[in-house]
Each structure stands twice: as C-alpha cells, then as structure tokens.
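Participant: sequence first, predicted model second:
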Amino acid sequence: MRKRILAWIALVIFILIMVNMMFIHYRVTESITVFLLYVLFFFYYDKRQRNGEFYTSGSPENNGDPDDKSESDTLE
C-alpha cells in the first residue's frame, strides 16, 4: 500500500512540474532539473528491473508487496 501512495504522490508532483513548465513558468530552471531527475530515476529503475537486479520480497499472492495484506489477514 505504501508503494502505491508514493507512486500517486510522484505522479501528482510530475504533473505539477509539467504544468509549471508549460503554462505557469515559475522557476522553470528548477522545474527542469527536478524533471530530469525524475527521468533519470525511472530510466535507471527500469534498467535495473530488466537486468534482474531488483528483487521483490513477499509472496506471489500479494504481488511482492509486503505492505498488502492477504484476505486471511484482514478477516481476523
């Protein structure tokens, strides 16, 4: 669950940066720097996943996300 929340926060920040660069034009240099950091992070993250360097923990039923609880955990 924590990964999903962080992903949504990252998406909102990314969209705000794009809107700022296209329409608002407030501190564009800083926005471009943060945008490039986003691009570099996801480029290397994707590269690590393709090479098999990124290992997930958890069981296959919860898609490797240890924060997700299975149905048997929520019934207690």
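Facilitator: Cool, got the structure. For clarity, every value in this text was computed on a predicted model and none was experimentally measured. Numbering: from 1, shown residues only.

Participant: and the helix or strand hosting I5, which residues are buried?
Facilitator: With elements taken from DSSP states H and E, the one containing I5 is helix 2-19. Buried residues in helix 2-19, counted by 16 or more other Cβ atoms under 10 Å: I17. Quick note: C-beta positions are derived from backbone N, CA and C, even for glycine.

Participant: and it, what other elements does it pack with?
Facilitator: Applying 3 or more Cβ pairs under 8 Å, 6 or more residues apart in numbering; DSSP states H and E, we find helix 2-19 packed against helix 28-51.

Participant: what packs against the helix it packs on?
Facilitator: helix 2-19.

Participant: quick one: the helix holding I5 to helix 28-51, angle?
Facilitator: 140 degrees (axes from the mean of the first three to the mean of the last three Cα atoms, to 10 degrees).

Participant: so what's the residue count around S31?
Facilitator: 19 (other Cβ atoms under 10 Å).

Participant: you'd agree it is up against V19?
Facilitator: No. S31 is beyond contact range of V19, at 9.6 Å (criterion: Cβ atoms under 8 Å).

Participant: which residues sit in contact with M18?
Facilitator: F35 (Cβ atoms under 8 Å, 6 or more residues apart in numbering).

Participant: going forward, begin numbering at 46 instead of 1
Facilitator: Fine by me, first position is 46 from now on; the one you just mentioned is M63.

Participant: ok, it to A55 distance?
Facilitator: 13 Å (Cβ to Cβ, to the nearest Å).

Participant: can you pull the pLDDT of L82?
Facilitator: Confidence at L82, expressed as pLDDT, is 92.
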